[in-house]
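> everything below, folded, please.
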Amino acid sequence: MKVMVIDDDMLLSDTLKDIIAARGNQVQTFTTAEAAIEAYQETFYSMILIDIGLPGMNGLECCRRIRAHPKGKYSFLLVTTGRTKFDCLRDSLDAGADDYIKKPFNLDLLKIRLEIAEKHGLDRLERMLADKELQRARKMAESASVAKNNFLASVSHELRTPLNGILGYTQILKRDSNMLPKQSNAIETIHECGEHLLTMINDVLDFSSIESQKFLIFPKPFDFFMLLSSVVSIFRMKSIQKGLNFNYQPDNTLPRFVNGDEKRLRQILFNLLSNALKHTIEGQISFRVKKQSDKIKFEVEDSGIGIPVDKMEEIFLPFHQLHDGRIQREGAGLGLSITRTIIRMMGSDIHVKSKEGEGTTFYFQLTLPEAKAALTSEDHSSHYNIIGYQGPVKKVLIVEDIEQSRAFIRDILEPVGFAIKEAVNGREAIRKALSFVPDLILMDLVMPVMQGIEATRKIRLIPTLKNSKIIAVSANIRHETQQECFMAGCDDYITKPVQVDELLELVQEHLHLSWTSEIQSPKDDSKDTLIEQMPIVFPPKDAIQTINKLILSGKTTRLKKILSQIKVDFPECISFTSKAYRLLEQFRLEDIQRLIEKNNIGHR
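Model (predicted):
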C-alpha cells in the first residue's frame, strides 16, 4: 500500500516513514502541502498522514484539497497534531480527516492507530479498484450500446432502401387492373413477404428505441372508423384463408374521430390479431371494441392453443415465443413485449386470460377522447385511380442516389402529369434546383458528396427557391432525425419504404392540388335519387366473385378500380355500382357483401 507523510519536521517525518515502511508499505515524505498535492495528482496514496501546522498551506486546507480530488474519497486521511483542544479536533474532521493522532506520539497507541488506518486504507483501495472496474464496464456497455444503435440504424437503412424498390413497385403493379389473376397473386405474395420483412425490421428498431428510452407517443386526431375498418378487413381475409371464422363486434356508440396515436394503436391491434391468428388452428377469432365510460376497451379472443399458467408473464418477455409443434414459429418474439410497452406509455396496461388448449383473450382499455377539432372526411376517391390534377403543370425534383428509388417515385408522379428532374446528391440538387425552380423537392437524406439535410439548409438560403416545398425521404424513422429535417427547413417527412397513397396525399397537401380520378362522386342529387330508385342489375358472376375477394382482403383501391371498370363495361349496372361505391366511400364493406348476399347472386 502506498502511504504519504506530510510533515515539515524532518526527524519526525523520517521516524514515521521507518515505522510505516517496516509494516510492508511504500512511503513517500513531503515537507509542504503544495508539493504533496502536486504528487497526489499523479499517484494515488491509500493512506495519508498530514501535520496540521504546516508552513504555507496548512494541514486542514490540504485535507480539503485532497478530498476535492476525484480519487480523494478513497484515501484514508490521518492528521497529526500537538493541539488538544476540542474545536481543533472537530475542525480536522470537518475538513475531511478520518482520524487524528496526538503529538508527542505514544508508540503503542501510534501502532494501533496505524493498523486501523491501514485496514481502512486497504478497504478503500479495493473499493476504488472495484469502482474503476465498474466505470470501465459502464463505459464499455455505453460504447456497445452506441455501436449497437449505429449498427441497427445502418442495417435499417440498408434493408429499407431495397424494400423501397420492392414494395414500391408492388404497390404500382397492384393498381393495374389489367393484370392476370396469376400475376396479381404473384405480386400480392411478393408484397406480403416484403411487408413481413418490414414488420420484423420495425419490431427490432422499436425494441432498440424502447431500450434507449427514445420511444415516443404522438397523439393527434384521426378517423377511428377507418382504422378499425382497415384492420378488420385485413384480418378477416387472413382468417378465411386459414379456415377460421372472424367475428368483429363493434359498439354502436364508438366515436368517429378520436385523439390518439393512430400508428401505435394500429401496431397494437396488428400484433394482437396476428398473435391470435398464429396460435389458432381451428375455430374463430373475435375482435370486440366497446365504449366504457370515458375509455374504449379492445378485446381479442381466440380459440387457439392457449397459454400455460406458468407462462402468463413470460410471454411478454422480449425474444420469447411459445413452443408448440402445431404452430409454425415466425417473427422475432418482440410483438407482445412492444405491445405492452406501448399500452403502458399510453397510460394503461394489457391483461390476458387463458386456459391451455381452450384459447386466449387479450384486452386493454385506452383513453381516446373524441376529437374536438372540426375534422372533415375527405373525398377518398381523390386518393385512388388518380389520372391527373387540375391547373398548370407542377415541377418536381427527385433527389436520390439510388437509381431504383428514383425510378419508383418517377413512375408514380410522371404518369399523373408532373414535370420531373432528378439529382443524385445534394450538391447536384442545389445546381438543378437553381435552373429548374421546382414546386416540390423530394429530398433523400443519406447521399454521397452532400447529404440531404445540408442541401436543404443551403436551398433555404436561396431567395428564388423560397417557395419550393421540400419533403424529406428517408429510411431513418427516428424522431430526432425528423426534427433535424424540420429545423433544416423541410416542410414534411416520409419514411422508406414509401407508401404510394401517403406520398400522393403529401404532394396534394403541399401543392394544394385537386386530383382528377377515374371515378367521380355524383354531384347531382336528383340524379342520385333517380339511380337509387332504379332496379339493381348485378354484373357477371366473375365480377361479383372478384368484388367479394377484394372486400375480404380489404383492398379498397383495387375495389374502386373494379367498380369503375364495371361502370364502363356494364352501364346497365349503374344502380349497383353507384350503391356499392357509396357504401365503399363510407368504408361499409360488410354492407356491400350484404347487398350481394341479399339478392342471392349466383350468375347474371
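
> return the residues in contact with residue 161.
Residues in contact with residue 161 (CB atoms under 8 Å, 6 or more residues apart in numbering) are 402, 405, 475, 496. For the C-beta atoms, the positions are set from N, CA and C on the backbone; glycine is no exception.

> equivalent analysis for residue 483, please.
No contacts exist for residue 483 under CB under 8 Å, 6+ apart.

> tell me the mean pLDDT for stretch 501-512?
Computed over stretch 501-512, the mean pLDDT rounds to 90.

> do stretch 184-201 as well
Rounded mean pLDDT across stretch 184-201 is 75.

> what is the mean pLDDT for the helix or strand hosting residue 137?
When elements are assigned from DSSP states H and E, residue 137 belongs to helix 107-174. Helix 107-174 shows a mean pLDDT of 77.

> and stretch 338-351, by the same measure?
89.

> stretch 403-411 now?
On average, stretch 403-411 scores 89.

> hang on, the earlier thing: scan the contacts of residue 161 and report the most crowded one.
Neighbour counts for these peak at residue 496, which has 28 neighbours (criterion: other CB atoms under 10 Å).

> next one, pLDDT for that residue please.
Residue 496 carries a pLDDT value of 84.

> how far away is it from residue 504?
Applying CB to CB, to the nearest Å, the value for residue 496 to residue 504 is 16 Å.

> same thing with residue 396?
Distance from residue 396 to residue 504, by CB to CB: 12 Å.

> more neighbours: those two, which one.
residue 396 (24 against 20).

> of the contacts of residue 161, which belong to helices?
Judged by DSSP state H, the subset of those located in helices is residue 405.

> need the contacts of residue 161 in CSV with distance to residue 48, can you?
CSV is the format used below for those (distance: CB to CB, whole Å):
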residue, distance to residue 48
402, 65
405, 66
475, 58
496, 62
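
> and of the contacts of residue 161, the nearest to residue 172?
Nearest to residue 172, judged by CB to CB, of the contacts of residue 161 is residue 405 at 13.2 Å.

> give the helix, strand or coil label for residue 573.
Recorded secondary structure, residue 573: helix (DSSP: H, G, I helix; E, B strand; the rest coil).

> looks like it contacts residue 547 (just checking).
No. Using CB atoms under 8 Å as the test, residue 573 is too far from residue 547 to be in contact (11.4 Å).

> quick one: which of these two has more around it?
Shown here are residue 573 and residue 547; by other CB under 10 Å, residue 547 has more neighbours (23 against 20).

> let's verify the more buried one: helix, strand, or coil?
Of the three states, residue 547 takes helix under three-state DSSP.

> now it: closest residue in space, sequence neighbours ignored.
Distances taken as CB to CB, 6 or more residues apart in numbering put residue 562 closest to residue 547, at 6.2 Å, once the chain neighbours are dropped.

> in terms of helices and strands, where is that neighbour?
helix 556-569.

> can you point out the buried residues in that helix?
Under the neighbour-count criterion of 16 or more other CB atoms under 10 Å, helix 556-569 has 556, 557, 558, 559, 560, 561, 562, 563, 564, 565, 566, 567 buried.

> go on, stretch 285-292?
285, 286, 287, 288, 289, 290, 291.

> for it, what is the average pLDDT?
92.

> okay, that stretch in CSV with CA atoms only?
C-alpha atoms of stretch 285-292 as CSV (Å, rounded to 0.1, in the frame of the first residue of the first chain):
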residue,chain,number,x,y,z
ILE,A,285,-61.1,-15.1,-33.6
SER,A,286,-63.3,-12.5,-32.0
PHE,A,287,-62.4,-8.8,-32.0
ARG,A,288,-64.5,-6.6,-29.8
VAL,A,289,-64.4,-2.8,-29.4
LYS,A,290,-66.6,-1.2,-26.8
LYS,A,291,-67.0,2.2,-25.2
GLN,A,292,-66.9,2.1,-21.5
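
> out of the contacts of residue 161, list just those in strands.
Nothing among the contacts of residue 161 maps onto strands, per DSSP state E.

> from the contacts of residue 161, pick the one nearest residue 390.
Lowest distance from residue 390 to the contacts of residue 161 (CB to CB) belongs to residue 405, with 28.5 Å.

> mind checking how far the closest one is from residue 465?
Taken as CB to CB, the span from residue 405 to residue 465 is 23 Å.

> excluding its backbone neighbours, what's nearest residue 423?
residue 429 (4.1 Å).

> right, and that neighbour touches residue 458 too?
No. The pair residue 429 and residue 458 fails to qualify as a contact (CB under 8 Å) at a distance of 9.1 Å.

> okay, those two: which has more neighbours?
residue 429 (32 against 17).

> what distance separates the helix or strand hosting that one from the centre of its chain?
Assessed by DSSP H and E, residue 429 sits inside helix 426-436. Helix 426-436 has its C-alpha centroid displaced from the chain centroid by 33 Å (CA atoms, centre = their mean, to the nearest Å).

> ok and the helix or strand following that helix relative to helix 107-174, angle-wise?
Next along the chain after helix 426-436, taking DSSP H and E as the criterion, comes strand 440-444. Relative orientation of strand 440-444 versus helix 107-174 (axes from the mean of the first three to the mean of the last three CA atoms, to 10 degrees): 130 degrees.

> dump the following helix or strand past strand 440-444 to CSV, restricted to CA.
Downstream of strand 440-444, the first helix or strand assigned by DSSP H and E is helix 452-459. C-alpha atoms of helix 452-459 as CSV (Å, rounded to 0.1, in the frame of the first residue of the first chain):
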residue,chain,number,x,y,z
GLY,A,452,-29.8,15.9,-47.8
ILE,A,453,-30.1,18.0,-44.6
GLU,A,454,-27.1,20.1,-45.6
ALA,A,455,-28.5,20.6,-49.1
THR,A,456,-31.8,21.6,-47.6
ARG,A,457,-30.2,24.3,-45.4
LYS,A,458,-28.4,25.7,-48.5
ILE,A,459,-31.5,25.7,-50.6
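
> same question for helix 452-459: list its buried residues.
Taking 16+ other CB under 10 Å as the criterion, helix 452-459 shows 452, 453, 454, 455, 456, 458, 459 as buried.

> with stretch 252-262 instead?
254, 257, 258, 259, 260, 261, 262.

> how close does the second one get to residue 569?
Distance of residue 257 to residue 569, given as CB to CB: 37 Å.

> please apply the same query to residue 540.
9 Å.

> residue 277 and residue 585, how far apart?
The gap separating residue 277 from residue 585 is 29 Å, by CB to CB.

> may I have the helix holding residue 429 as PDB, with CA atoms only?
Taking Å, rounded to 0.1, in the frame of the first residue of the first chain, the C-alpha atoms of helix 426-436 are listed here in PDB:
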ATOM      1  CA  GLY A 426     -27.200  17.300 -52.500                       C
ATOM      2  CA  ARG A 427     -24.700  19.400 -54.500                       C
ATOM      3  CA  GLU A 428     -26.400  18.400 -57.800                       C
ATOM      4  CA  ALA A 429     -29.800  19.100 -56.200                       C
ATOM      5  CA  ILE A 430     -28.800  22.700 -55.500                       C
ATOM      6  CA  ARG A 431     -27.500  23.200 -59.000                       C
ATOM      7  CA  LYS A 432     -30.600  21.700 -60.700                       C
ATOM      8  CA  ALA A 433     -33.000  23.500 -58.300                       C
ATOM      9  CA  LEU A 434     -31.500  26.800 -59.300                       C
ATOM     10  CA  SER A 435     -32.200  26.200 -63.000                       C
ATOM     11  CA  PHE A 436     -35.400  24.100 -62.700                       C
END
